[in-house]
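Novice: Any chance you can model this:
(2 chains)
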Amino acid sequence: MAPIITTHELTKQYHPPKGPMAIKEIDLEIQEGEIFSLLGPNGAGKTTLIAVLCGLFPPTRGDAMIAGHSVVQNPTAVKQIIGIVPEEIALYTRLTGRQNLRYFGSLYGLDGRELERAIDETLAVVGLTERADDRVANYSNGMKRRLNIAAGLLHNPRVLLMDEPTLGLDPENRRRILDLVVRLKQDHSATILYTTHNMDEAQELSDRVGIIHHGQIVALGTPAELIQMIHGEESLRLQVSAVSPDALNVLRQIDGVEQISSDRDTLTLTLRSAAEVVPEVLRVVKEVGINVKALTIQQPNLEAVFLRLTGQRLTEAP
Amino acid sequence: MTKLLAIARHEITLRYADPVILLLAIALPLLIAALVNLAFAHVVLGRSIPEAKVPVGIVNRDKGSQWGNLGTLFVRALTPEPAATTLPANPTGMLRDPTGMLRNLRLALFAVRGVADETEARRLVEREELVAALLIPPNFSEDLAMERATVEVYFVGRENVLGVAFKNVVETLANTISTVEITLRMTVKGLLSDPLTRTELQTGMLDDAIADLVLTAALLESNPIQIQYIPSIVQPAQVKLAHYLAATIAIMFVSFGALVMSANLFHDKAQWTLQRTYISPTRPVIILGGQVLGIYLAGLIQMSVLVAGMAFMEQALGSSTADGIKIDLLGLTILILAVVAAATGMGAAIAGSAGTYTEATNYGRAFLVLMGLAGGFFFPVELFPQPLDLLSRVTFQYWAIAGFTKLALGGGITSILPHSLILTAMAIVFFAVGNWLLRRRIGFV
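Specialist: A predicted model of the protein is given here:
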């Protein structure tokens, strides 16, 4: 497959030269028809990368090519090819769902019957046909998220940029969105760049995942390849009342403990082999007087990869 | 073009999709106007206090006589030229306004202008471009020699205080001129026949003596010049207070609306709908143009509905009076176009200065009220002391309300053309400033 998105040293600094560096020299290749997830915590640079790719801000340095068009040289051509589903529910709540789609569709040059047909088809895809003429203010959060996606799909884009599309949703609505994303790939052959800080989503949906931290891609590959990077390390999560720095140092000395991170009342230990190390960990925990309320052992996953690569959990970073 | 219109239509739809906005933008001002109408239906605004000088006209058709053109004495006495501060010499070359009376009569109150013919002068008075006109007939000098001359002072309305004042000035002036002339003819003739006074006459020392004669002779009953007062059948044009306030209410609410729509850009940015618009394959200039057009058209709709609604309401309340004034619809249309443009530009400038939706709507409204106050929304700017009076001219509200007042007084397109041009120029300046500020504030526009 040929890459449909290529970035070369893509860099964005806000208010240069002293402003924060949002993304740093990102080199990426995303193949046509794949779902590529950018996994990273809030503030890692995911939304900035999306904003640069869709031409909202010019990059400070570097360039990105989407379907052969440069986002720097020819942003209008790029905009015609991509669809965007922003993290925010970018809809006019005073208007109906259909009025919203009519407006956004007209911005892509759709009008008349073509526009109405596109609206009907898109509403059917996201399952909102029956509520199309209700005001968005009266929609549930899940319906708003689905309409938010519909607005990005209207012009049948070759590339869909989805920024945290399940943010704030309950499990049932989240499931509907994830199923919708899979269908978009299968039925519409769309290339999807999907950003999330949710490890499960990235692992479930993605053909490939890029882990982004402090504006840089720190790892790239299929979920299986990334998990392989940590050699099957498992995580032991302890819910505790309080931990002193001395106690943490003692735990770090245990053979088989690769890494420890502490987040308020949770201790996460990366272990070479849970079966071998957990008994020793529990013995030391008791010895140093740590009060354990709950204990979880997790199989290797992308969160463990992130933890291993950055020393931070996805929820606590940056 | 399709996208531009689509964006403009979207802005209008957004504006009026919310029933609360409809209530605030249309129903509330109409309600206020209705209450104002009920309270002040029959209150008429007083005649304008003169801004500088009261405009009056003189038509001098006097053909003159052997004593010269005595009609010009009126003209020169009233004309505010430095060279005419003294009476011109009469044919004997001796009269020099000995008492200073004529000079004092030419009050700073009046700005006198020459008018070609009587018809034009009467028309100007009826259109209120002149407060009064002095009409001097062709045979004035000859009749004066016969001591039965007549001049006419034409003004509108018996209660026209300024017109009456001008008539009194002319009356006094007529007394003086006629007395001086007649006295001069008799006295000089007598003095010339007396060889004892010939030297004094030649050295010009008779001024005091002549002045005494003038004063004693300047009696109304002995004046050969009769002032003819002809009241016009045309009723004076007046502006009802309710109309004045209705116009200010409409302008104020349209300004608020334009401000809120401009400030909505910040709201749209926070909601990401603005970004969503800008990341579509639509050129930024089209987006910006469509948004401005939408705001402008929404303002026009609001203003038109308010004007029509207020007119309808006045009819319904039965307070519409047949005062003879027909509003010039073309003039009204042109003025509305200009007023809404200025309000739109001002809204953009205020929103750009504020930087956030909350600041723009809260401080912006307060600023608009303040500007409205300075522009004469709540009481006439003529009541302000001089520097503040001038300050009002920099507010678009002043030109807007002055334009509406002109139309209410029966003025046509030409009378509001300066107002419309100034408002349009203000709109361009405001919009340029607003556009620059908004682009800086929003960042990606």
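Novice: only C-alpha atoms for contact and neighbour calcs from this point on.
Specialist: Fine.
Novice: quick one: the strands in the chain?
Specialist: In the absence of a named chain, this looks at chain A. Along chain A, counting by DSSP state E, strands occupy A:3-13, A:21-31, A:35-39, A:61-66, A:69-70, A:82-85, A:159-163, A:191-196, A:208-213, A:216-221, A:234-240, A:257-263, A:266-271, A:292-298.
Novice: please go with chain B instead
Specialist: B:54-60, B:110-114, B:132-136, B:150-155, B:226-229.
Novice: between the strands of chain A, which gets nearest to B:Phe430?
Specialist: strand A:3-13 (32.8 Å; C-alpha to C-alpha).
Novice: dump the residue contacts of B:His419.
Specialist: Neighbouring residues of B:His419 by C-alpha atoms under 8 Å, 6 or more residues apart in numbering or on different chains: B:Leu335, B:Trp399, B:Ala400, B:Ala402, B:Gly403.
Novice: Which one (most neighbours) among the residues you listed?
Specialist: Of all those, B:Ala400 has the most neighbours under the rule other C-alpha atoms under 10 Å in any protein chain shown, reaching 29 neighbours.
Novice: What separation do you get for that one and B:Phe377?
Specialist: Distance of B:Ala400 to B:Phe377, given as C-alpha to C-alpha, to the nearest Å: 10 Å.
Novice: hang on, the earlier thing: could the contacts of B:His419 go into TSV alongside pLDDT and distance to chain A?
Specialist: Formatted as TSV, the contacts of B:His419 follow (pLDDT from 0 to 100; distance: C-alpha to the nearest C-alpha, whole Å):
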residue	pLDDT	distance to chain A
B:Leu335	92	32
B:Trp399	92	35
B:Ala400	91	33
B:Ala402	87	37
B:Gly403	89	36
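Novice: how does the chain divide into domains?
Specialist: Because you didn't say which chain, this covers chain A. Chain A is divided into the following domains under automatic domain parsing: A:3-227, A:233-299.
Novice: try again with chain B
Specialist: B:2-46+B:238-442, B:54-229.
Novice: Hmm, B:Ile21 is touching B:Thr13, no?
Specialist: No - B:Ile21 lies out of contact with B:Thr13 (C-alpha atoms under 8 Å); the separation is 11.4 Å.
Novice: which bits of the stretch 1-150 of chain A sit near chain B?
Specialist: Taking C-alpha under 8 Å from any C-alpha of the partner chain as the contact definition, the stretch 1-150 of chain A meets chain B at A:54-57, A:76-77, A:79-80, A:84, A:86, A:88-92, A:94-95, A:103-104, A:106-109.
Novice: Could you list which of these belong to helices?
Specialist: Counting by DSSP state H, the part of the residues of the stretch 1-150 of chain A next to chain B found in helices is A:Thr76, A:Ala77, A:Lys79, A:Gln80, A:Tyr103, A:Phe104, A:Ser106, A:Leu107.
Novice: Leaving out chain neighbours, which residue sits closest to B:Trp22?
Specialist: No Trp there; residue B:22 is Leu. Closest residue in space to B:Leu22, ignoring its immediate chain neighbours: B:Tyr16 at 5.9 Å, by C-alpha to C-alpha, 6 or more residues apart in numbering or on different chains.
Novice: Equivalent analysis for A:Val277, please.
Specialist: A:Gly256 is the one closest to A:Val277 (C-alpha to C-alpha, 6+ apart), at 6.0 Å.
Novice: which residues does the one you found contact?
Specialist: Contacts were defined as C-alpha under 8 Å, 6+ apart; by that measure A:Gly256 touches A:Leu271, A:Arg272, A:Ser273, A:Val277.
Novice: cool, A:Arg174 as well?
Specialist: A:Gly142, A:Thr166.
Novice: Any figure for the gap between it and chain B?
Specialist: 21 Å (C-alpha to the nearest C-alpha, to the nearest Å).
Novice: what packs against the lengthiest helix in chain B?
Specialist: Longest helix in chain B, counting residues (DSSP H): helix B:284-317. Judged by 3 or more C-alpha pairs under 8 Å, 6 or more residues apart in numbering or on different chains; DSSP states H and E, the packing partners of helix B:284-317 are helix B:2-17, helix B:28-40, helix B:241-271, helix B:273-278, helix B:329-354.
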